[in-house]
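S.K.: Quick one, what's the 3D model for this:
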Amino acid sequence: MNTTPVISSLNNTYCQQIIDIILPIQQIEFNVPITLEAQPDLLDIESNYHQTGGNFWGATYNEQLVGTIALIAFGDNAAAIRKMFVLKEYRGKELGIAQLLLDNLIAYCRQNNITSIYLGTVEVLKAAHRFYERNGFTRLAKHDLPESFPLMAADTIFYELHLNN
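M.R.: Residues are numbered from 1 along each chain as shown. Below you'll find the predicted structure:
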């Protein structure tokens, strides 16, 4: 049994496992009024993430998928973080899964000359706001987002991080 979280790239064979993590967190835990129909990207990871120049990663712990993070590349050296979720019982500094996921994504950005990272989130995810801010992200007004940023209807709070490669 592996008691160290492992981060790896996910493809379409993981769609159902990804959905099984994300939807209950959105709908049940945080009461975000979003459906699978509003997130068709979850049904085709490869087209929506890999083919943009981004990727979709999962954190596995004891051979169970327990967290996700994704990246959509857009514009000039820019990308958007999407689908960062960790199952409640695996959150926190003890395992550091969220940090491992984000560190992996940032390393990918540096390797692929992505220098500006953006993300959208919702008001209720206060711990996520603190997490991003601890990692150097700064809040950004919606009207200051790049025009080509792929907006999600539910998002109301936005962040950016500029990397010095």
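S.K.: Excluding covalently adjacent residues, which one is nearest to Val124?
M.R.: In space, and not counting its chain neighbours, Val124 is closest to Phe30: 5.2 Å by C-beta to C-beta, 6 or more residues apart in numbering. C-betas here are computed from N, CA, C, even on glycine.
S.K.: residue contacts, that neighbour?
M.R.: Going by C-beta atoms under 8 Å, 6 or more residues apart in numbering, Phe30 touches Val122, Val124, Leu125.
S.K.: Which of those residues sits closest to Leu105?
M.R.: Leu105 has its nearest neighbour among these in Leu125, at 17.3 Å by C-beta to C-beta.
S.K.: Roughly how far does the closest one sit from Phe85?
M.R.: 10 Å (C-beta to C-beta, to the nearest Å).
S.K.: More neighbours: the two, which one.
M.R.: Between Leu125 and Phe85, Phe85 has the larger neighbour count (other C-beta atoms under 10 Å), namely 25 against 19.
S.K.: doesn't Pro24 make contact with that one?
M.R.: No: at 9.5 Å, Phe85 does not count as touching Pro24 under the criterion of C-beta atoms under 8 Å.
S.K.: which neighbours do those two share?
M.R.: With C-beta under 8 Å, 6+ apart, Phe85 and Pro24 have no common neighbours.
S.K.: my hunch is that Ile106 is in a helix, does that hold up?
M.R.: Yes: per DSSP: H, G, I helix; E, B strand; the rest coil, Ile106 lies within a helix segment.
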